[in-house]
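In: Model the structure of this input:
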Amino acid sequence: STLLSHPRLPLLPVRPNRAAPPAPRAAADTGSLALTPVLAAQSAAVVAVLLAGAAVPVEHSEAGEGGEAGEVDLYRDTPLRYAGYANEVGEAFRPLLGETFVIVSYAVALTYVLVDSFDKSRKSPSGTPLPAFLDAFSWQIVASVAAPGFTINRVVRLVMAGLAAAGMEGLPETGALHYLPTAVGLAVIPLIVGPLDSLTEFVMDRTMRKWLGIEPGKVE
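Out: The predicted structure is shown next:
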């Protein structure tokens, strides 16, 4: 009875868990991976651009401005040229390696663009390096960075949207389909290079090169 008469010790207050439980990954991603009208329109535009590029006849010369026919261009005719495709690879790996890897890949590609543009301006036979720099820089930015980067980004996103629509966006990371968007993105890169190069060449010959006074097709 003595033990029962002792006052009870107060219990320690329990701190409420204020942190909300993490939402399942599949549920969080489903909305952002949906096949929206914007994604559908962008995908259709990409296909149209590629078809237009494939239909354009190749008109450019084999040598860049200031280069002789048959001369090996360090930045166009050697494996160094693949540095210009770094951002496409980055976009393909975006779902697996994240934003930091993509940013680094764009930095590599832009460095290549700048170095190649300075090289073409240095070799300009006209004694006016600025037009040659602007020509090479504009061509590379469009054909090597912006257009293919956007294309691969949309291709990867479209595959991810397809997986989400099929209810497979939450598959384990060890599953083969987890790597499907990246695999498709990498496989598409060689298919888009030619059409985008030709279309960029075609447009620049009829616009910017006329304004700069550069002979069409002199810079690849």
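In: host element of the most centrally placed residue in the chain?
Out: The C-alpha lying nearest the average C-alpha coordinate of the chain belongs to residue 149 (Cα atoms, centre = their mean; 2.6 Å). Using DSSP states H and E, the element containing residue 149 is helix 147-165.
In: Quick one: low-confidence residue ranges for the protein.
Out: Counting by pLDDT under 70, the chain has low-confidence residues at 1-32, 58-70, 126, 169-175, 216-220.
In: next structured bit after the top helix by length along the chain?
Out: In the chain, taking DSSP state H as the definition, the longest helix is helix 94-122. Going down the chain from helix 94-122, the next helix or strand is helix 129-140, by DSSP H and E.
In: If you count contacts, what does that following helix end up packed against?
Out: On a contact count with 3 or more Cβ pairs under 8 Å, 6 or more residues apart in numbering; DSSP states H and E, helix 129-140 meets helix 94-122, helix 180-206, helix 208-212. Using the backbone N, CA and C atoms, a C-beta is placed for each residue, glycine as well.
In: mind redoing it with 6 Å?
Out: If you count contacts as 3 or more Cβ pairs under 6 Å, 6 or more residues apart in numbering; DSSP states H and E, helix 129-140 packs onto helix 94-122, helix 208-212.
In: Contacts for that helix, please.
Out: Contacts with helix 129-140, where a contact means Cβ atoms under 6 Å, 6 or more residues apart in numbering, come from 65, 113, 117, 120, 121, 124, 200, 208, 212, 214, 219.
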